[in-house]
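Peer 1: What shape does this take:
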Amino acid sequence: MPLLRIRSASAIGDTALRLVLTDGSIVERELRSVLRGPIFDSLRRSPAEFAQVRVEGGSASWPNGADLCPDVLIWGGRPPTEVSARPAPFLLVPAQDSSWGEQHPAEGP
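Peer 2: The predicted structure is shown next:
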């Protein structure tokens, strides 16, 4: 499966984004559950600041230095292994388990 990344992003509400992906598909993501922590405080409080979203390195970022993992935005977590997988057109991005990035014994090195 080709690596999907974000080509452009725009705010569509106080905590939602419309994303154009590198394969041309368009998806919408509701992010309120992942906008946690001090770096996201101003984005949660100010729709105008949230609307300043831009794309850097294939992911969404904001002028205050906040950014989100592109796989979380596109897939809601880790990307699937199936070659034919397509991202859901609409997704409420779930809050991520803090151990998501940790290595688990079944996954190998």
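
Peer 1: Can you report how many residues lie near residue 62?
Peer 2: 19 (other CB atoms under 10 Å). Bear in mind the C-beta positions are built from the backbone N, C-alpha and C, glycine included.

Peer 1: dump the residue contacts of it.
Peer 2: Counting by CB atoms under 8 Å, 6 or more residues apart in numbering, residue 62 makes contact with 43, 49, 50, 52, 53, 54.

Peer 1: my guess is the second one meets residue 43, correct?
Peer 2: Yes: in this structure, residue 49 is within contact of residue 43 by CB atoms under 8 Å, at 5.6 Å.

Peer 1: Name the nearest of the contacts of residue 62 relative to residue 10.
Peer 2: Nearest to residue 10 among these is residue 53, at 6.9 Å by CB to CB.

Peer 1: Ignoring the adjacent residues along the chain, who's closest to that closest one?
Peer 2: Excluding its sequence neighbours, the residue lying closest to residue 53 (CB to CB, 6 or more residues apart in numbering) is residue 9, at 4.9 Å.

Peer 1: is the one you found in a bridge, and if so with what?
Peer 2: With DSSP bridges as the criterion, residue 9 is bridged to residue 19.

Peer 1: so residue 42, which of the three states?
Peer 2: Using DSSP: H, G, I helix; E, B strand; the rest coil, the structure places residue 42 in helix.

Peer 1: That one: neighbour count?
Peer 2: Neighbours of residue 42 under the rule other CB under 10 Å: 15.

Peer 1: Okay, it and residue 20: tell me how far apart.
Peer 2: 25 Å (CB to CB, to the nearest Å).
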